[in-house]
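Asks: What follows is a predicted protein model with its sequence.
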Amino acid sequence: MSSAPADLRMGKVRRVNGPVVDVVGLNGVAMFDVVAIGDAGLAGEIVSIDGDVATAQVYEYDGSVSPGDPVTSHGEALSVTLGPGLLGRVFDGILRPLDAKDVWLASGRASDASDMSWHFTPDATVGEKVAPGALLGRVTEGVRFEHLILVPPEVDGVLSWLSPEVDASAHQPIARVGAVDVSLSHRWPVRRPRPARARDGEPRLLRTGQRVLDLLYPILCGSSASVPGGFGTGKTLLQQQIAKWCDADVIVYVGCGERGNEMIDVLEDLARLRDPRTGGALRERTVCIANTSNMPVMAREASIYTGVAVAEYFRDMGYDVVVIADSTSRWAEALREFASRTNQLPAEEGYPATLGSALAAFYERAGNFTTLGGNRGSVTIIGAVSPPGGDLTEPVTAQTRRFVRCVWSLDRDLAYARHYPAVSWNESFSRDAERVGLMRSEDGDTAWAERRALALALLAESERLESLVELVGAAALPDRQRSTLRSAKLVREAVLQQDATSADDAYCGEAKQKALLEMVLAVHRALIERLEAGVDAQRLEQVDLSRVSSARESGGPDDVAAVTAVRDSVLALLKTVT
Amino acid sequence: MIDSIPIEYTGARSADGPLLVIEHVTGVGWDEDAVITLASGERRHGVVLDVNDDLAVVQVFEGTSGISLSGTRVAFSGSPMRVSVGAQWLGRVCNGRGDPIDGGPPIHGDRLVAVNGVPINPAARELPRDPIITGISAIDGLTTLVRGQKLPIFSVGGLPHLELAAQIAAQARVADGAFQIVFAAMGVTHADAEATRDALEERSQSGDLILFINTASDPVIERVLTPRIALTVAEHLAFERGGHVLVLMCDMTSYAEAVREVSAARGEVPGRQGYPGYLFSDLAALYERCGRLRISSGSLTQIPVLTMPAGDITHPVPDLTGYITEGQIVLSQEMQSRNVYPPFDALSSLSRLMRHGVGPGQTRKDHMAVAGQVYAALGHARQVRELTDLVGETGLAEADRAYLRFADALEAGFINQGRTEHRAINDTLEHAWTALTMLPAGDLSRLDPVELARHLASAVPDGSEGST
Ligand SMILES: Nc1ncnc2c1ncn2[C@@H]1O[C@H](COP(=O)(O)OP(=O)(O)OP(=O)(O)O)[C@@H](O)[C@H]1O
Ligand SMILES: [Mg+2]
């Protein structure tokens, strides 16, 4: 929480090496203080100090900045304004609204004066002592998003004044706590985790609507997941699907060093699609932070923290928030570029030795919390990783794996065979799976874990058999094993594949997920049962099961009846084979 | 290219590779444009890579050969390197620095614009849509190029990627509006440069094309400039003049090698295969200069062409390109050895934006379904082929044999085409149908049953043309 800007410090540029600027004369400047460079006042942040020389990374193009140019600092750490007006909009890496900016992003001081006003409804008692996180009132955003106005962290005292119901701008005071005027928004330094009472919130399921995740590699709210995969393997589409359809309350989508066209694609989709739970546009629950690959590199580094700070802000209201970061590799590359330009000793592949701790600190900001106000809230972090050459042993992929609870590894061969989402069953894991099994069981679905185990076993067994087939040919396998190959194929085609562009199946409801997997397992059992009853294997193999594979497209996301109809007719058909 | 020339400095302190260090400078800014005058009077161009107190490190695009520390004068322009943009470029042939080599007068455009460009606000973009028809069936049919897209060609030394790029440049068109081509050749041989000029002659004459040529014997570092000038001129044509502009850049591997050379000269920590860690951002700064904008009716589309050293798709240049572009067209040695032109490897190729550019009103109603069916069938055909290696063709089921016949027919009748042949989209799709009708009808589940029946009825058993 920033107090009034501290004293103004003035210095001069000594060296400019791309986005890295050395400054002298800023006496007493602190690490991570924001500086304004040159006459244009380019935004930068102090990231190392050595004697009289402070080094800044600059968040804007700094061409023509030259030694001797003025530098000023107000002694404030890189901070953003958190309040109503974030949802539904697009910002750059340091939370300056992009939708209000020019087509061509010129550098320089931005005026982000917003003239929006919000209808504030008070809900607190004047005269009482209030602590950080205490409720002051509400603002409704979009159709029905309840934006709670809370006492900001580090502010407490007696609530001596509370505005009546009013239309207020984000900066206009609506309450007085102790000696501080509180408005609808406040500043927060993005690198600092926002305080919570405890990390003890009871997790709840995060339903993604993607079958391969929900059935095989599930994730809980408050967890973290990494999505590594070579180019074109489907990281962005998978993350966009989660952003669209998962049942979190708020999504913070950080496009970090990726494509401009992708940002527009997801924004247009989110504006068009309806949230099945509220009826509003999905965009109304989403905050977009777009720092595309052609925008200044160093702002990528900040955009990740900006994203989490925004997520924590909504978490503090008691919401389940999902942060999507595409791609964390571009963030790590910004770290590397900075390290290289400041001659830091490189560790693995040129990354600074602090890469691991930086990743750990980032993913640590995920979790289930009891908020300062006593609510339950969570932050889930899902980060894409783009390994050079698809090499999963490279530093960012390998280090990230240590700190996350789920890895959804995307496989190039699956993607090239157009098996989407290309989530590999060899390289992926979920440390939440066991807990999810118990939770499902408590909710009445006692066979969830068993179905998952059967599906995974079929996939593993067929993987083993396929390497045999490559040696001896499918014809040489015993009937039973050939049947296993066939069932595993059904698991892949009928259950795991899910076309993100499909009108009916881009998102899949829980009941339909279950029905599809149950159908395949039932067909698998029936095939074995027929074999054991002595039915000729060749005749069984001639039975057309393509209807099973396409059943996922036969009805909408919640259409269980269409799936059971296919199941019943295929099972009946198998019975007739003798 | 440079407007005003203030102070000239004579304090050259060191020269190394493409870099020249000047001392005792004042007020020189990073990324400023510099003019270097040699003792002989020869002028070269440079850009400031680093300024430290009174030292400036200048990258010289023409290289430092022949530069002596005494007698060399350097002037800084006070602004980043700029190029004069305008329609005057159309129809011209220039070297990699943008100087005419067609015997014509120097190009004076309307105004000066920084060659590094300014980032496009992602919130000001519009989604690419509507196709560019290249007249090449494999591309139009299976990996349709969409206006505003960046779709690279991944090739290998020895394959006809330059011919293919030139063919696209010569015959691509759009259904509506002005259409212009900017072709930037980097590190090509003189023979290739000549062949490209010839192939593009007609379009150049008609004033729809700009050709930049940096040959293999031109200064290497100049290649860092070539795509930047090409894109700056193209952005103006597209976003200010509202044209649909297609930029082809060949060979991006040569470009990246120039970037690597500068990095090595600066003593930077090398990343994979010696390329600098910032190669991703450097390439992205080029490739992201395309798209469509809300404020303009024009579009800028890119086809970067690159060669994969040793055919390795995990090499940093194709790898990082793949991480930035929206799909890829892959050419394969194997197709080449079967004498197929273009040697298009369908299963490795993908246009990620295709679905926004095809369909009724854009190409044809059945386009997406036909392409999807072709891909699915090719995938199956590949499995069958692998199986054939094991059991022999006679061991195959009849249905599987049909897939092999399909793949052969597709290759011969659809992918393969003449080097100057322009196929209309209708012909392209009909050729695909012809191959598809050789498959068991029950397998063609993605196709519209009525359309399928019509095509089956008109299909002649011998697999010859089934168009209506
Ligand atoms: N679930 C899916 N359904 C349908 N198509 C998919 C799916 N996932 C991926 N694809 C296809 O793969 C293409 C690439 O996917 P995506 O853009 O998500 O890859 P990526 O891993 O993010 O690549 P990059 O690292 O280059 O950004 C998509 O354009 C689409 O054609
Ligand atoms: Mg992506």
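Replies: Cool, got the structure. Numbers count the residues shown, from 1 in each chain, chains lettered A, B, ... in the order given. Ligands and ions are numbered 1, 2, ... in the order given.

Asks: Residue of the stretch 351-500 of chain A nearest ligand 2, please.
Replies: Closest residue of the stretch 351-500 of chain A to ligand 2, C-beta to the ion: A:Ala384 (6.6 Å). Backbone N, C-alpha and C define where each C-beta goes, glycine included.

Asks: Output the set of residues of the stretch 151-300 of chain B in proximity to chain A.
Replies: Residues of the stretch 151-300 of chain B lying close to chain A (C-beta under 8 Å from any C-beta of the partner chain) are B:268-272, B:276-278, B:280-281, B:284-285, B:288-289, B:291, B:293-295.

Asks: Swap in 10 Å and give it another go.
Replies: For the stretch 151-300 of chain B, the residues in contact with chain A (C-beta under 10 Å from any C-beta of the partner chain) are B:235, B:239, B:263, B:266-273, B:276-281, B:283-296.

Asks: longest helix anywhere in the chain?
Replies: Because you didn't say which chain, this covers chain A. Taking DSSP state H as the criterion, chain A has its longest helix at helix A:448-472.

Asks: look at chain B instead
Replies: Assignment by DSSP H; longest helix in chain B turns out to be helix B:367-391.

Asks: other SSEs contacting that helix?
Replies: helix A:448-472, helix B:354-357, helix B:398-409, helix B:425-436, helix B:449-458 (3 or more C-beta pairs under 10 Å, 6 or more residues apart in numbering or on different chains; DSSP states H and E).

Asks: who wins for proximity to A:Pro70 among these?
Replies: helix B:354-357 (47.4 Å; C-beta to C-beta).

Asks: I figured B:Cys322 hits B:Ile329, correct?
Replies: Not Cys; residue B:322 is Gly. No - in this structure, B:Gly322 is not within contact of B:Ile329 by C-beta atoms under 10 Å, at 11.4 Å.

Asks: Which one's more surrounded, the two?
Replies: Shown here are B:Gly322 and B:Ile329; by other C-beta atoms under 10 Å in any protein chain shown, B:Ile329 has more neighbours (27 against 20).

Asks: that older thread, among the residues of the stretch 151-300 of chain B next to chain A, which are within reach of ligand 1?
Replies: By C-beta under 6 Å from any ligand atom, no member of these lies near ligand 1.

Asks: Could I have the buried ones of those as PyMOL selection syntax?
Replies: Burial among those is assessed by 16 or more other C-beta atoms under 10 Å in any protein chain shown; the matching PyMOL selection reads:
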select buried, chain B and resi 235+239+263+266+268+269+270+271+272+276+277+278+279+280+281+283+284+285+286+287+288+289+290+291+292+293+296
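
Asks: Which members of the residues of the stretch 151-300 of chain B next to chain A are positioned in helices?
Replies: Residues from those lying in helices, with DSSP H as the criterion: B:Glu235, B:Ser263, B:Leu279, B:Phe280, B:Ser281, B:Leu283, B:Ala284, B:Ala285, B:Leu286, B:Tyr287.

Asks: Determine which two of those are furthest apart.
Replies: Using C-beta to C-beta, those span at most 26.3 Å, a distance reached by B:Glu235 and B:Ser263.

Asks: and the gap between the nearest residue to A:Glu349 once chain neighbours are set aside and B:Asn52?
Replies: Counting by C-beta to C-beta, 6 or more residues apart in numbering or on different chains, A:Glu349 lies nearest to A:Pro395, which is 5.5 Å off, once chain neighbours are set aside. Going from A:Pro395 to B:Asn52 by C-beta to C-beta, to the nearest Å gives 30 Å.

Asks: More neighbours: which of these two?
Replies: Remark: of A:Pro395 and B:Asn52, A:Pro395 carries more neighbours, 20 against 14, as counted by other C-beta under 10 Å.

Asks: and the more buried one, what is it in contact with?
Replies: Residues near A:Pro395 by C-beta atoms under 10 Å, 6 or more residues apart in numbering or on different chains: A:329, A:332, A:336, A:347-351, A:355-356, A:359, A:387-388.

Asks: how deep is the nearest residue to B:Glu163 once chain neighbours are set aside tucked in, by neighbour count?
Replies: Nearest non-adjacent residue to B:Glu163, counting by C-beta to C-beta, 6+ apart: B:Arg419, 6.3 Å away. Neighbourhood size, B:Arg419 [other C-beta under 10 Å]: 13.

Asks: next one: A:Ser569
Replies: 11.

Asks: how about the nearest residue to it, chain neighbours excluded?
Replies: Nearest in space to A:Ser569, with sequence neighbours left out and distances taken as C-beta to C-beta, 6+ apart, is A:Arg547 at 7.6 Å.

Asks: Same question for B:Ser348.
Replies: Nearest residue to B:Ser348, sequence neighbours excluded (C-beta to C-beta, 6+ apart): B:Val330, at 4.0 Å.

Asks: Validate this expectation: that neighbour resides in a strand.
Replies: Yes - counting by DSSP: H, G, I helix; E, B strand; the rest coil, one finds B:Val330 located in a strand.

Asks: Helices of the stretch 301-450 of chain A, start to end?
Replies: Ranges of helices in the stretch 301-450 of chain A, per DSSP state H, counting those that start in this stretch, are A:328-341, A:355-363, A:395-403, A:412-416, A:433-442, A:448-472.

Asks: nope, the stretch 1-150 of chain B is what I meant
Replies: B:137.

Asks: pLDDT weak spots in it?
Replies: Within the stretch 1-150 of chain B, the segments meeting pLDDT under 70 span B:1-6.

Asks: residues in chain A within reach of ligand 1, list them.
Replies: Chain A comes close to ligand 1 at residues A:229, A:231-237, A:386, A:420-421, A:498-501, as judged by C-beta under 6 Å from any ligand atom.

Asks: From those residues, list just the buried residues.
Replies: A:229, A:231-237, A:386, A:420-421, A:498, A:500.

Asks: wait, what's in contact with the nearest residue to B:Glu202 once chain neighbours are set aside?
Replies: Excluding the flanking residues, the one nearest B:Glu202 by C-beta to C-beta, 6+ apart is B:Ala170, at 7.0 Å. Neighbouring residues of B:Ala170 by C-beta under 10 Å, 6+ apart: B:134-135, B:181, B:183, B:196, B:199-204, B:209, B:419-420, B:422.

Asks: B:Ala170 and B:Thr143: what is the separation?
Replies: B:Ala170 is 19 Å from B:Thr143, by C-beta to C-beta.

Asks: Would you quantify the distance from the residue of the stretch 51-200 of chain B found nearest ligand 1 to ligand 2?
Replies: Of all residues in the stretch 51-200 of chain B, B:Thr143 sits closest to ligand 1, at 10.6 Å by C-beta to the nearest ligand atom. B:Thr143 sits 18 Å away from ligand 2, going by C-beta to the ion, to the nearest Å.

Asks: Would you agree that residue is in contact with B:Pro342?
Replies: No - using C-beta under 10 Å, B:Thr143 is not in contact with B:Pro342; the gap is 11.2 Å.

Asks: Sweet, I'm off.
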